[in-house]
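Chemist: Sequence and predicted structure, then a few things I'm wondering about:
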Amino acid sequence: MLNPQRGEVSITVNGQERAMRLTLGALAALEERLGATSLLDMVQAFEAGTFRSNDLLALIWAGLNGGGWDVSHGDVGRCTIDGGPLEAARAAARLLALTFAERAE
């Protein structure tokens, strides 16, 4: 069962529902893969819509790894995401929103 309070988002990959989550380690790997100068710059690029398809792929990859699926970036690129690129972008947007949402304690 997914827990949105932990920043978890569902995505269906190759017909199997998977959890995505941006842990600190997943964020660090994403920054490195994208060559981001800062976490804020990276998030702002996604929010502004100035990201490339490879950036989206990297975000999905980081989220899947943070969610517990040890998968390579290349393997994610060969996967089928239910709903196609549009659903991948929606899931990625939800992932970012939940990761950086303020939560009541």
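Modeler: Perfect, I can see it now.
Chemist: Shouldn't residue 10 be within a strand?
Modeler: Yes: under DSSP: H, G, I helix; E, B strand; the rest coil, residue 10 sits within a strand.
Chemist: what number of residues lie near residue 29?
Modeler: 18 (other CB atoms under 10 Å). (C-beta placed from N, C-alpha, C; glycine too.)
Chemist: what does residue 64 give?
Modeler: So residue 64, with other CB under 10 Å, has 24 neighbours.
Chemist: what comes into contact with whatever helix or strand it lives in?
Modeler: If you go by DSSP states H and E, residue 64 is part of helix 53-66. Helix 53-66 is contacted from outside by 9, 11, 13, 18, 20-23, 25-27, 29-30, 33-34, 45-46, 51, 71-73, 76-77, 81, 85, 88-89, 91-92, 95-96, using CB atoms under 8 Å, 6 or more residues apart in numbering.
Chemist: Next: stretch 68-79.
Modeler: Applying CB under 8 Å, 6+ apart, the contact partners of stretch 68-79 are 13, 14, 18, 19, 21, 33, 57, 58, 60, 61, 64, 65.
Chemist: circling back: I'd like the mean pLDDT over the helix or strand that the helix holding residue 64 is followed by, please.
Modeler: Heading C-terminal from helix 53-66, the first helix or strand you meet, by DSSP H and E, is helix 73-78. Summarised as a single mean, pLDDT over helix 73-78 is 95.
Chemist: same question, stretch 14-27
Modeler: Computed over stretch 14-27, the average pLDDT equals 96.
Chemist: again with stretch 40-51
Modeler: For stretch 40-51, the mean per-residue pLDDT is 84.
Chemist: and it, C-alpha only, in PDB?
Modeler: What follows is stretch 40-51 as a C-alpha-only set of coordinates in PDB (Å, rounded to 0.1, in the frame of the first residue of the first chain):
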ATOM      1  CA  LEU A  40      16.500  23.900  -6.400                       C
ATOM      2  CA  ASP A  41      17.600  24.500 -10.000                       C
ATOM      3  CA  MET A  42      16.700  20.900 -10.900                       C
ATOM      4  CA  VAL A  43      13.200  21.200  -9.300                       C
ATOM      5  CA  GLN A  44      12.600  24.600 -10.900                       C
ATOM      6  CA  ALA A  45      13.400  23.200 -14.300                       C
ATOM      7  CA  PHE A  46      10.800  20.500 -13.900                       C
ATOM      8  CA  GLU A  47       8.300  23.000 -12.600                       C
ATOM      9  CA  ALA A  48       8.900  25.400 -15.400                       C
ATOM     10  CA  GLY A  49       8.500  22.700 -18.000                       C
ATOM     11  CA  THR A  50      12.100  23.200 -19.300                       C
ATOM     12  CA  PHE A  51      13.000  19.500 -19.000                       C
END
